[in-house]
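Asker: test case, fold it:
(one chain, ligands or ions: 1)
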Amino acid sequence: MAAEEDASKKKLFAASDVAGHSSRKDCWVVIHGKVYDVTRFLEDHPGGEDVLLHASVSGDATEAFEDVGHSTSAISMMNGYLIGSIKDYVPPSASKDETIGSNDMPPDFRRIPGKKGPPAPNTFLDFLLPLFMLGLAFAAWYYLTFIAKS
Ligand code: HEM
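Answerer: Prediction:
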């Protein structure tokens, strides 16, 4: 793929190389092990420049980027800002112990920071309540159609 070839031609950085680039005049972010120079994108970013600066300071913007659920057009824009990749990149989820997914799973299936495990399904509200309402509606219809008339 052309994009991947381009990426491999770009520079390899150590995590410490990226750390010094977190200001409005020089802002790099790391997403999925790739380094993006978003300095000229700060003002145009639909999510605002502060989130990009904050993500840049945090060292790894992967989770923040994924949590937003960027569109495919946003993802294709990223290539224009790519300057290289991180040497021996370890995805943020790989460094945590209680992880149920890996980085190539959709964000919805990954662990929510601060919560243990996947969110428990709310069986009553999600399933039983609509069923109960349906039963109630049927009972009302049955009563009005067959019992109240006679
Ligand atoms: C090169 C990197 C990035 C590019 C090209 C980019 C591009 C975009 C684009 C085009 C949108 C508009 C909505 C969409 O199309 O999805 C957007 C929204 C947004 N982005 Fe980014 N973004 C980048 C990195 C980040 C990072 C690291 C964060 C960190 C939190 C972030 C946070 C947001 C937020 C909060 C929104 C607003 C979402 C909304 O209002 O619904 N972005 N971004």
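
Asker: after the helix or strand of the chain with the lowest mean pLDDT, which helix or strand is next?
Answerer: Here the helix or strand of the chain ranked lowest by mean pLDDT, DSSP states H and E is helix 2-9, holding a mean of 50. Counting by DSSP states H and E, the next helix or strand C-terminal to helix 2-9 is strand 11-13.

Asker: packing partners for the helix or strand just after that next one?
Answerer: Once the chain leaves strand 11-13, the next helix or strand it forms, by DSSP H and E, is helix 15-19. Helix 15-19 sits against strand 26-31, with contacts defined as 3 or more Cβ pairs under 8 Å, 6 or more residues apart in numbering; DSSP states H and E. (Glycine included, C-beta is placed from N, CA and C.)

Asker: is the helix or strand following the strand it packs on in proximity to the ligand?
Answerer: Reading on from strand 26-31 to the C-terminus, the next helix or strand found by DSSP H and E is strand 34-37. Yes - Strand 34-37 is in contact with the ligand by Cβ under 6 Å from any ligand atom, via Tyr36.

Asker: max-length helix in the chain?
Answerer: Longest helix in the chain by number of residues (criterion: DSSP state H): helix 129-142.

Asker: got the buried residues for that one?
Answerer: Across helix 129-142, burial judged by 16 or more other Cβ atoms under 10 Å covers no residue at all.

Asker: OK, contacts around Thr72?
Answerer: Residues counted as contacts of Thr72 (Cβ atoms under 8 Å, 6 or more residues apart in numbering): none.

Asker: good, we can wrap up now.
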